[in-house]
Each structure stands twice: as C-alpha cells, then as structure tokens.
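S.K.: Sequence and predicted model, in that order:
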Amino acid sequence: MLTIGSKAPDFTLQNEVGDLISLSDFKDQTIVLYFYPKDDTPGCTTQACAYRDFAGEFVKRGVKVIGISKDDVKSHKKFQEKYELNFTILADPETIVVQRYGVWKEKSMYGKKYMGVARTTFVVEKGLIKAIFENVDPKNDVETVLNFLDEQ
C-alpha cells in the first residue's frame, strides 16, 4: 500500500501515440497521476474533459497531468482525438502499473464481481507521493487536486 511521503513506483508505458513515457522523465516536476477505469465512458469522459478544460491552471502551477488506464494505445488515441484532450494518457493493458499503485481492485456491478481500476488520483512531487485521493468523484477531481496544490 502506497502512503503519502513514499517513493512513487517508477514505470514506463506507451502514450496515446506509442511513445514510451517514464515517471522518471518528470523527476524534478510535480505531476498529477490519475488512474481511471475506461476510455470514453461517462465518468471517465467527465474527468478527462475537466482536466482538459483546466489545463491552464495546471500549467500556471507548473504541474503536468497524466492519465492512466488499462486501455490500449489505439483506444487512448481515439479518446484523446474525440475530446481534444491536451495531456498525456498512458496505456497499461497488462495492469502492471495499476497493480503497483494499488488501484487494481475487486469491483462489483449488478451483483457481479470483477477486477478493475479504482478511480484514484496521486500528486507526485520529485518522485515522492504528496497526496492520494481515493474513490474519486469524476466531477470534483480537478477541483480537489487544484485546492490541494494551492495549499502547498
């Protein structure tokens, strides 16, 4: 289980155009890593579009936003183009990173249990976890993160 103050697990994943991106690429920056269940679904679209719409606020604060889900590169490319997303989305189809971050969890829908990504947002500064927001409401995630950043 990751905790505030612990080192964020490094990773290397493909982005929406197939380029390899590593957490260590941002070792001197503050980044928002948000894990979401699935491209182009209602909650995930709401959350992604909020990050898109408030991109300027993150830029002002010197913060980079990165979304991660288990969808593949092709799905991410379609999602990014459809909603004109202006931040990086990383593909974790093998669920390696979602497991490292502890967000691969048993979920339940209509009484059926399955494994999936629990919507969770991390703020990582210089490789250390500064905040963890679990069971994130897609409508309020961006506001919560911006408020946290302003309190720092």
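M.R.: Arrived safely, thanks for sending.

S.K.: Could you use CA atoms for every contact and neighbour count after this?
M.R.: OK.

S.K.: And the contacts of stretch 33-50?
M.R.: With contacts defined as CA atoms under 8 Å, 6 or more residues apart in numbering, stretch 33-50 is touched by 65-71, 75-76, 79, 83, 85, 98, 103, 116-124, 138-139, 141-142.

S.K.: what is the rounded mean pLDDT of stretch 13-29?
M.R.: Averaged across stretch 13-29, pLDDT comes to 93.

S.K.: show me where the chain has strands.
M.R.: In the chain, the strands defined using DSSP state E lie at 12-15, 20-22, 30-35, 63-69, 88-91, 104-109, 112-117, 120-125, 128-133.

S.K.: Next, the angle from the longest one to strand 120-125.
M.R.: Pointing back at strand 63-69 there. Interaxial angle, strand 63-69 versus strand 120-125 (axes from the mean of the first three to the mean of the last three CA atoms, to 10 degrees): 140 degrees.

S.K.: just to revisit the earlier point, so among the contacts of stretch 33-50, which ones count as buried?
M.R.: For the contacts of stretch 33-50, a burial check counting by 16 or more other CA atoms under 10 Å picks out 65-71, 76, 79, 85, 98, 103, 116-124, 138-139, 141-142.

S.K.: tell me the contacts of Gly116?
M.R.: By CA under 8 Å, 6+ apart, the neighbours of Gly116 are Pro37, Trp104, Lys105, Glu106, Lys107.

S.K.: Pro93 - nearest residue in space that isn't next to it in sequence?
M.R.: Lys70 (4.2 Å; CA to CA, 6 or more residues apart in numbering).

S.K.: circling back to that earlier point, please name whichever of the strands of the chain is nearest to Ser6.
M.R.: Closest approach to Ser6 among those is made by strand 128-133 (5.7 Å; CA to CA).

S.K.: circling back: retrieve the pLDDT associated with the residue nearest to Pro93.
M.R.: If you check Lys70, the pLDDT there is 95.

S.K.: Count the neighbours of the residue nearest to Ala91 when sequence neighbours are not counted for me.
M.R.: Of all residues not flanking Ala91 in the chain, Asp72 sits nearest, at 5.1 Å (CA to CA, 6+ apart). Applying other CA atoms under 10 Å, we find 18 other residues in the vicinity of Asp72.

S.K.: Over to Gly62?
M.R.: 11.

S.K.: Who are the contact partners of the residue nearest to Ala91?
M.R.: Ala91, Asp92, Pro93.
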